[in-house]
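K.L.:
Just need the structure, nothing else, for what follows:
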Amino acid sequence: MDSEKGTFRMQSSHTLDRLAVTFDDDRAVADAGLLLAASISERVGLVEAADSAVSTGYQPGRKLATLVHGIVAGASCIDDLDILRAGSTGQVLAHKVMAPSTVGTWLRSLTFGHVRQLDKVSEQLLTRAWQLGAGPSGGELTFDVDSTICPVCGHAKQGAAYGYTRELGYHPLVATADGSGEVLHTRMRKGSAGSGRGAERFVREVVGRVRRAAAAAGIDELKLAMRADSAFWGKKVRKACREHDVRFSLTVRRTRTVVRAIDTIADDAWSRIDYSDGIAEVAETKLGKDRLIVRRVRNHNRGSQLFDTWRHHAFVTDIQDRDKIDLDAWHRKHAVVELAIRDLKEGAGFEHVPSGNFNANGGWLVACTIAHNLIRWTARLGLRSTTLTVAKTIRRRLLTIPGRITRSARRQTLHLPTNWPWADQFQLALHRIRALPKPC
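P.N.:
Predicted coordinates for the structure are as follows:
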């Protein structure tokens, strides 16, 4: 009613309130772009690898594939897997979709040995993807090792504890490949575990699986280098790197020995570098038989200080054929590991752990790793993208597309939205992925 004239106005018949809603389309597909990820998983043999390696549950390949594809679509808990059973969504997958309750029961049945079997599956998929062309180029690979905190709520999570961050959760290890953003290996740990706990064995396992994958992919004499922060600066980690012919670059803590080594650097030995956070200089000295590269950044107007001071950031490395300035810039790229960890957590997968069972959460972490790598391989093999692409971007543009399946003349057709902005990228990626050979 018009308050000024006291008259009624006719409402349009095209208002949202008159839009009827029904859930009755059996041919609708919730996330039609899963066709890309499912085609990749079919080429790397996800279901077959799990069936042959995992010894618990009936047809574990279907359960693992359901879990992985649900995480690819954005599932952050077991109940979210139900989206794969909506409409005809299962038609774009190469396996039967299992119920969330079935997958949850299977996860809770896992032991530590079964989680190690899932690690083997992850390695087999990585090997197969590298054989298809997703491996490192140039004969060199740099991998970054780091730990992360996965917070939990409540005290019913087995193994969850308060660590150095004073936050209740788990404290897993993660190793990622520089450039591609692939997660090479993960290891679930209790929340009370220190950052460097089990790091030596973890590094040896990463090197072993990378070398085996490279050999199977025909990459001979792959040169490896590892970057890590000060939590992994220890004799055991450096010994593991030297024994496996892996070059390393490790941030050091400000111990007395390190401070004395920095004090021996002459004033004219510092070289100015381009730095986003003010004035910075780099110099080098020796720490034992390794090179100690030091970057100092000038503090301006910090509190009530009378004179400008310097902040020092140092790392040790056994790399001898690179300049100190080049090494400093290369070591700072260790921060890219945080991008892969963000993709594991943000919006899907490892945003939180779903079970109160520790080994079930370990299996969930491996599934998150496989899902993360499927997204990376979709970009690398389908789009031939060599840059680090945000998983959320790939998911939004190519994977979570609504669609509808129709059948005519014994042929199924997947109908996607008209004027989809990234339709050409989708078609190109699908064409390239389908051209890849399937495993025998």
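K.L.:
From residue 416, how far off is residue 426?
P.N.:
The gap separating residue 426 from residue 416 is 7 Å, by Cβ to Cβ, to the nearest Å. Bear in mind the C-beta positions are built from the backbone N, C-alpha and C, glycine included.
K.L.:
And the two? Which one has more around it.
P.N.:
The neighbour count for residue 426 versus residue 416, taken as other Cβ atoms under 10 Å, is higher for residue 426 (21 against 16).
K.L.:
The more buried one: helix or strand, and which one exactly?
P.N.:
For residue 426, the host element (DSSP states H and E) is helix 423-434.
K.L.:
ok, residue 232 touching residue 199?
P.N.:
Yes - here residue 232 reaches residue 199: they are 5.0 Å apart, a contact under Cβ atoms under 8 Å.
K.L.:
Check the average confidence over the strand or helix carrying residue 215, would you?
P.N.:
Assigned by DSSP H and E, residue 215 belongs to helix 199-216. The average pLDDT within helix 199-216 is 94.
K.L.:
ok, now stretch 78-96?
P.N.:
For stretch 78-96, the mean confidence score works out to 93.
K.L.:
May I see the buried residues of it?
P.N.:
Buried residues in stretch 78-96, counted by 16 or more other Cβ atoms under 10 Å: 78, 80-81, 83-84, 86-90, 92-93, 95.
K.L.:
distance of the closest residue to residue 345 other than its chain neighbours from residue 392?
P.N.:
By the measure of Cβ to Cβ, 6 or more residues apart in numbering, the closest residue to residue 345 outside its immediate chain neighbours is residue 351, 5.1 Å from it. For residue 351, the distance to residue 392 (Cβ to Cβ) stands at 12 Å.
K.L.:
What of residue 356?
P.N.:
28 Å.
K.L.:
Quick check, residue 132 in contact with residue 43.
P.N.:
Yes - taking Cβ under 8 Å as the definition, residue 132 is a contact partner of residue 43 at 6.3 Å.
K.L.:
Need the residues touching each of these two.
P.N.:
Both residue 132 and residue 43 are contacted by 436, 437, under the criterion Cβ atoms under 8 Å, 6 or more residues apart in numbering.
K.L.:
Of those two, give the one with the bigger neighbour count.
P.N.:
Using other Cβ under 10 Å as the criterion, residue 132 and residue 43 rank with residue 43 on top: 23 against 19.
K.L.:
Once you drop chain neighbours, what's closest to that one?
P.N.:
Excluding its sequence neighbours, the residue lying closest to residue 43 (Cβ to Cβ, 6+ apart) is residue 436, at 4.8 Å.
K.L.:
In three-state terms, how would the one you found be classified?
P.N.:
Three-state call for residue 436 (DSSP: H, G, I helix; E, B strand; the rest coil): coil.
K.L.:
tell me the SS of the residue nearest in space to the middle of the chain?
P.N.:
Within the chain, the residue whose C-alpha comes closest to the C-alpha centroid is residue 340; the distance, by Cα atoms, centre = their mean, is 4.0 Å. Here residue 340 takes the helix state, with states given by three-state DSSP.
K.L.:
can you pull out the strands in the stretch 301-440 of the chain?
P.N.:
For the stretch 301-440 of the chain, applying DSSP state E, counting those that start in this stretch gives strands covering 309-317, 403-408, 411-415.
K.L.:
packing partners for the second one?
P.N.:
Put plainly, it is strand 403-408. strand 28-29, strand 411-415 (3 or more Cβ pairs under 8 Å, 6 or more residues apart in numbering; DSSP states H and E).
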